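A.B. asks: pasting a predicted model and its sequence here:
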Amino acid sequence: MGENQFKNLKIQVMNSYELMVIFTPVLSEEDFKASQKKYSDIITEAGGEIIHSNPWGLKSLAYPIQKKTTGIYWVLEFNGPSDLNEKLKIQMLRDEQVMRHVISRLDKYAVEYNHVKRNGGFAMQDKQEA
Amino acid sequence: MAKNEIKYLTAIKQEKPKKKFCRFKKYGIKYVDYKDIEFLKKFINEQGKLLPRRLSGNSLKYQRKVQDAVKKARQMALLPYVTDLLK
């Protein structure tokens, strides 16, 4: 009886994550948008929600990756179940347009930090640093 | 020569060196962002190596976070692994 109870009980623990992807620089604007949509859809289909998408655009790399000196950066903050990342990772590794990706778990301070940063905060902090 | 005159081989340090502090604790920074390269550059030297705690003054807790952030930034080609004249 006790076991069955737990079997039916599906608890979806949502965690905050941040995904950063470097796409190849040969990607056109439409392809970039399409790729963004593709990965956003994977997240939303798996029951996650997208908090903020921030395409940085073309940026020079600190060192060459796959003999390329520039890359298109994309940063996405999302909430999702913990099993989502494996699926996402497989898709990323298969995709030839993706040069590199990283998914990092955000703790509560990180979520707060990102929220404040998006709303144009940290003016005070800069003064103190200087 | 006067009796009271004492000579030292090396000059005595008059000023006390400034006490180092952990900037994270002082300013209440709780999260080290790996995307903020300008901030991370304060913790690496010209060759792109991490500064030790002895020099940066960070507490162990935040040194570890800085370390993780720098390594992540290097992975994503935001910071170089090896270089010269970074600053």
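C.D. replies: Yep, it's here. Residues are numbered from 1 along each chain as shown, chains lettered A, B, ... in the order given.
A.B. asks: now do residue 4, the pLDDT please.
C.D. replies: By default, I'm working from chain A. On pLDDT, A:Asn4 comes in at 58.
A.B. asks: hmm, I had chain B in mind actually
C.D. replies: We note a pLDDT of 73 for B:Asn4 in this prediction.
A.B. asks: repeat that for B:Met1.
C.D. replies: Looking at B:Met1, its pLDDT reads 55.
A.B. asks: now A:Trp56
C.D. replies: 88.
A.B. asks: contacts for the longest helix seen in chain A?
C.D. replies: For chain A, the helix that runs over the most residues, judged by DSSP state H, is helix A:29-45. Identification of contacts with helix A:29-45 by CB atoms under 8 Å, 6 or more residues apart in numbering or on different chains yields A:19, A:21, A:23, A:27, A:49-50, A:53, A:55, A:72, A:74, A:76, A:78, A:80, A:84, A:87-88, A:91-92, A:95, A:97-98. For glycine as for every other residue, the C-beta is placed from the backbone atoms N, C-alpha and C.
A.B. asks: try it again with 6 Å
C.D. replies: Applying CB atoms under 6 Å, 6 or more residues apart in numbering or on different chains, the contact partners of helix A:29-45 are A:50, A:72, A:78, A:80.
A.B. asks: from those, which is closest to chain B?
C.D. replies: Distance ranking of the contacts of helix A:29-45 against chain B, using CB to the nearest CB, places A:Ile72 first at 12.0 Å.
A.B. asks: surely that closest one meets A:Val21?
C.D. replies: No: using CB atoms under 6 Å, A:Ile72 is not in contact with A:Val21; the gap is 8.5 Å.
A.B. asks: buried residues, the longest helix of chain A. List them.
C.D. replies: Within helix A:29-45, the residues scored as buried using 16 or more other CB atoms under 10 Å in any protein chain shown are A:32, A:35-36, A:39-40, A:42-43.
A.B. asks: got these as TSV, with pLDDT columns?
C.D. replies: TSV is the format used below for the buried residues of helix A:29-45 (pLDDT from 0 to 100):
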residue	pLDDT
A:Phe32	88
A:Ser35	88
A:Gln36	90
A:Tyr39	89
A:Ser40	90
A:Ile42	89
A:Ile43	89
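A.B. asks: now the two most distant members of those residues.
C.D. replies: Spatially, the most separated pair among the buried residues of helix A:29-45 is A:Phe32 and A:Ile43, at 17.2 Å (CB to CB).
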